[in-house]
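>>> what follows is a predicted structure for the sequence shown.
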Amino acid sequence: MDKNKVDLLFHTLRYLKLKQFYYRFYYALRNGLFKTKIGNSATCSSQQLNLCTVITAPNSYNSGAFTFLNLDHKFEEIDWNYSAYGKLWTYNLNYFDFLNQEDISKEEGVRLIEDYINNQPCLKDGLEPYPTSLRIINWIKFLSKHKIEDDKIDATLFNHLTLLNITLEYHLLGNHLLENAFALLFGSYYFSDEKIYKKSKYLLKSELNEQILNDGAHFELSPMYHKILLMRLLDCITLIENNLWKKEGLLSFMRNKAEMMLGWLEQVTYKNGQVPQVNDTTFDIAPKTAEILTFAKNLKLNAQTSRLSDSGYRKWTLDEMEVFMDVGQIGPDYIPGHAHADSFNFEFYYKGTPIIVDPGISTYDNNPRRQLERSTEYHNTIRVDEKDSSEVWGGFRVARRAKIISLKESKNVIDATHDGYKNIGAFHSRSYHKSKYNFVIEDRVESSSGHQIESFLHFHPDCKLVISGSSIEINRELTISLENANSIALEDYDYSLGFNKTIKAPKIRASVESNSKIIIEILG
């Protein structure tokens with residue numbers, strides 16, 4: 001192993017919790033020696049649950065053909081381990097979300113479940129804890145909706161629940177462990193299992209307290225995952241309220257957390273209903289904000305709106321301008337897998353239309369595309385000496401990471417400094433200024449020596465740019481002036497429309513001095 005790889009590993013592993021080390025070693029040893037297997041449940045008593053479906057799953061299945069992540073495949077006989085499109089596609093196949101799309105029949109759903117059961121001895125990725133968690137919930141929803149009583153299906157479902165219970169993702173933590181806990185709760189209700197219920201209750205309380213920040217954000221700081229987990233939380237509230245088996249303590253706690261998450265979601269959602277594409281966020285994975293708000297309204301939940309704080313995100317609405325800013329840490333130290341090297345990134349909307357955007361993501365594969373989409377040059381911020389502000393690598397890893405070392409806020413100004421370039425003797429400060437008719441960003445790179453400094457701006461594909469000197473006209477409505485820019489280059493980049501789906505869009509790469517300024521003004 002080369003020295004650079006050792007260095008990256010060291011600065012990645014040093015942030016992990018001892019629990020993560022322990023369970024990585026424990027699971028590897030146990031599976032290596034004993035090969036954890038699904039057992040056989042001779043008897044398991046289930047009960048049909050009363051569940052109210054407000055958000056239906058997207059249409060991803062039709063007569064043997066599956067569509068996930070904008071990639072289609074039609075099977076003659078379903079290969080549940082199909083890997084030609086990568087592991088995330090295989091995961092989606094094994095989630096069984098399609099059981100809960102609007103147009104699937106009871107008979108077709110049962111046939112798909114039975115096919116899966118018959119292929120169980122050959123299953124691989126589908127038996128990992130994360131897809132198992134989602135599949136447990138989706139099977140229970142489908143079985144309860146259609147009032148299906150089938151001993152063979154119930155036995156398999158109980159065995160998968162038992163497997164999940166002994167393979168919980170303590171080595172990963174974060175949203176994975178929270179999804180495990182949601183599945184345990186559904187399973188405990190379906191089988192009236194007291195022991196599993198107690199574990200789910202403990203995990204849900206500890207993990208929601210850990211993962212939901214004081215301003216209501218999910219701590220991995222991806223609006224996409226925030227919405228997915230909020231939807232799951234609303235599902236669990238529906239489960240508890242509509243079924244009388246257990247209620248003590250957990251319901252009021254979960255309603256409070258949901259109202260906090262709703263408050264954060266309402267604040268970061270733009271007027272057009274979209275959310276910022278920051279960190280690992282892209283289109284057509286999570287439900288729309290409007291769908292979630294409707295679901296919450298049906299549950300008589302009221303959003304708790306608090307000032308954006310712990311998440312590090314800020315949002316200004318200036319008449320017809322909307323600005324979303326990142327002045328916080330990249331995410332939790334021990335699970336930064338969905339974080340990007342995007343310190344001081346921002347998005348800008350005008351009249352409900354995206355202008356300056358985060359490019360989003362189009363892949364989770366560990367490849368050059370994934371690396372580029374997480375890099376500093378793919379965000380609306382400053383890069384020094386062609387270095388990333390945080391050392392993103394390996395698809396979901398971060399070694400050295402930028403820390404916010406100064407943050408000052410007033411009514412019209414936010415000023416912050418991060419230390420992501422301290423290894424090369426530089427510190428990046430950015431201040432945001434607002435007024436009624438313009439928005440100004442000032443960048444300062446403080447160092448005792450000279451550096452190559454670049455400033456990047458990524459525009460929505462619909463934007464039409466006209467460059468004249470250091471001024472950029474956009475759609476004949478706005479101008480952007482770049483002060484202290486030595487050169488301005490217009491380039492193309494790939495804007496994500498979802499996984500495996502991109503479109504060309506314009507990008508500005510500017511070589512700037514150590515002190516530079518971006519001024520966005522309304523024409524006329």
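Yes, it's here. Numbers count the residues shown, from 1 in each chain.

>>> helix, strand or coil: sort out the closest residue to Val398 other than its chain neighbours for me.
Nearest residue to Val398 in three dimensions, chain neighbours excluded: Pro336, at 4.2 Å (Cβ to Cβ, 6 or more residues apart in numbering). All C-beta spots, glycine's among them, are computed from the backbone N, C-alpha and C. At Pro336 the chain is in coil, as set by DSSP: H, G, I helix; E, B strand; the rest coil.

>>> just the one 5 residues further on next, same as before
When classified by three-state DSSP, Ala341 comes out as coil.

>>> show me what contacts it?
Going by Cβ atoms under 8 Å, 6 or more residues apart in numbering, Ala341 touches Ile330, Arg374, Ser375, Thr376, His379, Asp388, Ser389, Ser390, Glu391, Val392, Ala402, Gly420.

>>> for these, work out which two are farthest apart.
Greatest spatial distance among the contacts of Ala341 (Cβ to Cβ): His379 and Glu391, at 14.9 Å.

>>> pLDDT at the residue nearest to Asn475 when sequence neighbours are not counted, what is it?
Spatially, and ignoring its direct neighbours in sequence, Asn475 is nearest to Lys464 (5.5 Å; Cβ to Cβ, 6+ apart). Lys464 carries a pLDDT value of 97.

>>> so where do the helices sit in the stretch 51-200 of the chain?
In the stretch 51-200 of the chain, the segments counted as helices under DSSP state H, counting those that start in this stretch are 87-95, 106-118, 129-145, 151-165, 174-191, 194-211.

>>> tell me the most buried of the ones you listed?
Burial of the helices of the stretch 51-200 of the chain is given as mean neighbour count (mean count of other Cβ atoms under 10 Å); helix 174-191 ranks first at a mean of 24.

>>> for it, packing partners?
If you count contacts as 3 or more Cβ pairs under 8 Å, 6 or more residues apart in numbering; DSSP states H and E, helix 174-191 packs onto helix 129-145, helix 151-165, helix 194-211, helix 223-242.

>>> what packs against the second one?
Meaning helix 151-165. Secondary-structure packing of helix 151-165 (3+ Cβ pairs under 8 Å, 6+ apart): helix 106-118, helix 129-145, helix 174-191, helix 194-211.

>>> cutoff 6 Å now
Applying 3 or more Cβ pairs under 6 Å, 6 or more residues apart in numbering; DSSP states H and E, one finds that helix 151-165 makes contact with helix 129-145.

>>> His379 and Glu391: who's more crowded?
His379 (27 against 19; other Cβ atoms under 10 Å).

>>> burial measure for Glu446, as a count.
Applying other Cβ under 10 Å, we find 13 residues neighbouring Glu446.

>>> wait, I meant Ile382
That count, for Ile382 with other Cβ under 10 Å as the rule, works out to 27.

>>> cool, Gly352 as well?
Gly352: 12 neighbours (other Cβ under 10 Å).

>>> which residues touch it?
Residues near Gly352 by Cβ atoms under 6 Å, 6 or more residues apart in numbering: Lys271, Asn272.

>>> give me that answer again for 10 Å
Gly352 sits next to Tyr270, Lys271, Asn272, Gly273, Gln274, Glu320, Glu322 when contact means Cβ atoms under 10 Å, 6 or more residues apart in numbering.

>>> repeat that for Leu262.
216, 230, 233-234, 289, 292-293, 295-297, 301-305.
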